[in-house]
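Visitor: when you get a sec, could you give me coordinates for this:
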Amino acid sequence: MLYITNFLLPLMGVLTALFLAAATYLTYQQMKGFKGKPHGSEPNPNYNPFFYGNPVLPEQFIGRKAEVRRVAGRIVNGGQSSAITGTFRSGKTSLLEYLAAPEKQTTLYGNKADTLIFSYRDANEFDFECNQALFWCSVLEPLQKRIAEIPDSSLSKAYQASQKNHFANLDELIAQIGNMNWQLVLMIDEFDVLLDRPHLNKTEFFGGLRQLASRSRGALVLVMTTNTSLTQLHQKTKPFTKSGSPYFNFLDEIILGPLSDSEVEELLDQDDTDFSDDDRRFVKEITGEHPYLLQVAASALWESYKNGSEDDPIKRQQHAKQDFYDRTKATLNDIWQSWLPTTRKAFTAVALIRLETLRTSLKVQPIDIKAIINDVPGFKQALEEIEKQGFVKNENGDWQVHPTIFLDFFADLPAQELRQL
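Guide: I've put the predicted structure just below:
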C-alpha cells in the first residue's frame with residue numbers, strides 16, 4: 001500500500017503531467033504553423049506559393065495598410081468619399097474587395113460595421129445601353145435586402161416611392177437612410193468605364209451622383225477605382241461642367257504605388273522559399289516593389305530554383321528575368337498605352353538618361369530634366385504623376401526608372417514611335 005501511495009501514484013502524476021505538456025506543445029506548434037494561412041493552404045513543396053492574375057482574396061491580402069486605414073477612416077468619419085486610382089494591375093480591385101469583405105468589416109470599421117451597407121459593382125457589368133434607372137436598381141439591391149427586414153418603415157416607403165418614379169429622385173430615400181443611422185457605401189470598380197455608357201455619360205448622372213453624396217451627411221458614400229488619375233477624369237467630364245466645379249472634387253484621391261519595404265518582405269516570405277539577400281534585391285529592383293510585378297517575378301525565380309537547371313545565381317536570375325519579362329510585357333504595354341502623350345514624354349526623358357546607346361541612335365541630345373520641367377507645358381505634372389505611381393524615382397536630382405524591367409520594354413519599342421514623342 002505504501003508502495004502505491006509513495007511511489008506509483010506520484011509517478012503516474014508526473015507521467016500524466018509530461019503527457020499533457022507534450023500535447024499542449026504540439027498543439028501550439030500546429031496552431032503556430034497554421035496562423036495566418038487560409039483553410040486549405042497548407043504548404044506543398046510542388047506548388048508555387050506566388051500567385052497573380054485574379055484579384056487577391058481578403059485572407060491572402062498583403063500590404064496597403066496605409067491605404068486601407070485611410071479609406072476605412074473616411075467611411076466611418078462622416079461618410080467621406082474616396083477615389084482609388086492607379087495603373088493596370090496596381091491592386092485596385094483587390095483593395096476594394098478587401099474593404100467590402102464581410103469577414104473584415106468588424107476589424108476595419110469597429111462598432112459602425114453593422115450600420116454599413118456595402119454595394120459592390122464592377123462597372124463592366126453595366127450594359128452599353130444602361131440608363132440611370134437600371135444603374136440605381138442594380139446598386140440599391142443590397143439596401144433593398146436590408147429594407148425587407150423592416151417592411152413597414154419610413155425607409156421602406158421611401159424606397160417604394162423611388163422605385164415607382166424609376167429612381168429619378170433619390171433625395172428622400174438617402175435622407176431616410178441617414179435617419180436610420182445607416183450608411184450606403186457604393187463601391188464602383190473601374191468607374192471610368194461609365195464614361196463609355198452614353199446614357200450615363202452626361203451631366204444629369206454625374207452631377208446627380210455628386211449632389212447625392214456631398215449632401216447626404218454621410219448616408220451615401222462613394223468609393224470608386226479608376227485606371228486614370230482624378231485629374232484626367234475631370235478633363236474627360238469637363239464638357240459637362242461648363243463653368244462649375246469638377247464633378248469629382250468631393251473625392252479624396254488615393255494613388256496606389258509601390259508597397260513599403262516591410263510589405264515587400266512579408267510578400268516574399270512565403271512557404272517553401274529560400275531566396276538569398278541578393279535574390280530579394282534583384283526582385284525589388286526589376287519590379288519596383290509593385291505587388292503584381294513582385295508576385296510574377298518571385299514566381300519566375302521560385303520556378304527557376306525548382307527546375308534546378310542553373311546553379312549559377314547570376315544566370316538563374318537572368319533566366320528568371322527573361323521569364324518575368326515575357327509574362328509581363330503585355331501589362332507593361334497596357335500601362336504605356338494608357339498614359340497621355342505628355343506622360344509618355346516624361347517617362348521617355350528619364351528612360352533615355354539610362355539608355356545612352358538608344359538615346360544616341362535616336363539622335364537625341366543629352367537630357368536635362370530640370371530644363372525640360374521649365375520649358376515643356378505639363379511635363380512637371382506628368383513626371384510627378386508617374387513618380388507617385390512608382391514608375392520613376394528621384395534620388396537627389398538623379399532620376400531613374402523604377403521598376404527597371406520597364407527599361408527592357410521601352411528599349412523594345414519601335415524607334416519611330418519614340419521619335420514622335
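
Visitor: separation between Tyr247 and Val139?
Guide: 17 Å (C-beta to C-beta, to the nearest Å). Just so you know, the C-beta spots here come from the backbone N, C-alpha and C atoms, and that holds for glycine as well.

Visitor: so which of those two has more stuff around it?
Guide: Taking neighbours as other C-beta atoms under 10 Å, Tyr247 and Val139 compare with Tyr247 leading, 21 against 18.

Visitor: doesn't His234 make contact with that one?
Guide: Yes: counting by C-beta atoms under 8 Å, Tyr247 does reach His234; the two are 7.4 Å apart.

Visitor: next, the buried residues of the host helix or strand of Val68.
Guide: Following DSSP states H and E, the helix or strand that holds Val68 is helix 65-76. By neighbour count with 16 or more other C-beta atoms under 10 Å, helix 65-76 contains the buried residues 67-68, 71-72, 74-76.

Visitor: and of those residues, the nearest to Glu285?
Guide: Nearest to Glu285 among those: Glu67, at 23.5 Å, using C-beta to C-beta.

Visitor: can I assume the closest one is in contact with Leu256?
Guide: Yes: counting by C-beta under 8 Å, Leu256 is a contact partner of Glu67 at 6.7 Å.

Visitor: am I right that Ala175 sits in a strand?
Guide: No: going by DSSP: H, G, I helix; E, B strand; the rest coil, the assignment for Ala175 is helix, not a strand.

Visitor: gap between it and Asn169?
Guide: Taken as C-beta to C-beta, the span from Ala175 to Asn169 is 11 Å.

Visitor: over to Lys202?
Guide: 17 Å.

Visitor: try Asp412
Guide: On the measure of C-beta to C-beta, Asp412 and Asn169 end up 54 Å apart.

Visitor: Ala175 and Asn169: who's more crowded?
Guide: Neighbours per residue (other C-beta under 10 Å) separate Ala175 from Asn169, with Ala175 holding more: 16 against 11.

Visitor: where along the stretch 301-421 of the chain do the helices fall?
Guide: 313-338, 341-354, 356-361, 369-375, 379-389, 405-411, 415-419 (DSSP state H, counting those that start in this stretch).

Visitor: to Tyr47, which of those lies closest?
Guide: Here helix 313-338 is closest among the helices of the stretch 301-421 of the chain (C-beta to C-beta), at 17.6 Å.

Visitor: chain center to that closest one: distance?
Guide: Here helix 313-338 is found 21 Å from its chain centre; the criterion is C-alpha atoms, centre = their mean, to the nearest Å.

Visitor: low-confidence ranges, this protein, go.
Guide: 1-45, 243, 309 (pLDDT under 70).

Visitor: what's the domain layout of the protein?
Guide: When the chain is parsed with automatic domain parsing, its domains come out as 65-255, 261-336, 341-419.

Visitor: reformat the ones you listed into TSV and put distance to Leu57 next to each item.
Guide: Shown next, in TSV, are the domains of the chain (distance: least, C-beta to C-beta, whole Å):
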stretch	distance to Leu57
domain 65-255	8
domain 261-336	13
domain 341-419	24
